[in-house]
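**Q** Give the three-dimensional model of this entry:
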Amino acid sequence: MPSFKIDLSTAVVFVATAPEPKLVNKKTSERAVDRETGADLSTVGLLVSDEGEGNLYQVTVPETGVPEGLAPGTPVAVTGLKARDWENEFNGQKRHGISFRAVAITPLGA
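**A** Below is the predicted model:
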């Protein structure tokens, strides 16, 4: 499925939830891995505020693009944010949604 670039040039972005390992299987704690680079993946909650509206997004990022100590409340820049729609069937029920992926998240300021 195609992915779509998200323009954050006019938005203010903050970390809402600290990075956590993205798991393929919660029972075995198997980590999700980037298919192209082999890097472990993490999920970070981001609050994006733009044009008077704020939204919370769970964004998948390669571990190499997440700096140590990234904490809630930190203003950040997001590199290469894309959205992709998905659909699957589990136990006879169809599910669908939008997933978000970024190349890197970088703290702003000192």
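**Q** Any figure for the gap between V66 and N88?
**A** 26 Å (Cβ to Cβ, to the nearest Å). Yep, even glycine has a C-beta here, placed from its N, CA and C like the rest.
**Q** between the two, which one's more packed in?
**A** V66 (20 against 9; other Cβ atoms under 10 Å).
**Q** Which residues are in contact with the more buried one?
**A** P19, S42, V44, A104, I105 (Cβ atoms under 8 Å, 6 or more residues apart in numbering).
**Q** Next step: the residues you listed restricted to strands.
**A** Cross-referencing the contacts of V66 against strands under DSSP state E gives P19, S42, V44, A104, I105.
**Q** Quickly list what the closest residue to the first one other than its chain neighbours is bridged to.
**A** By the measure of Cβ to Cβ, 6 or more residues apart in numbering, the closest residue to P19 outside its immediate chain neighbours is S42, 4.3 Å from it. Under the criterion DSSP bridges, S42 forms beta bridges with P21, V61.
**Q** My guess is S42 contacts K22. True?
**A** Yes: under the criterion of Cβ atoms under 8 Å, S42 makes contact with K22 at 5.8 Å.
**Q** Can you pull the residues that touch both of the two?
**A** Common neighbours of S42 and K22 (criterion: Cβ under 8 Å, 6+ apart): T60.
**Q** ok, the two, which is more surrounded?
**A** More neighbours surround S42 than the other of S42 and K22, with 22 against 19 (other Cβ under 10 Å).
**Q** And the spatially most central residue of the chain, which helix or strand is it part of?
**A** In the chain, the residue lying closest to the centroid (Cα atoms, centre = their mean) is V59, at 1.1 Å. Under the criterion of DSSP states H and E, V59 resides in strand 53-62.
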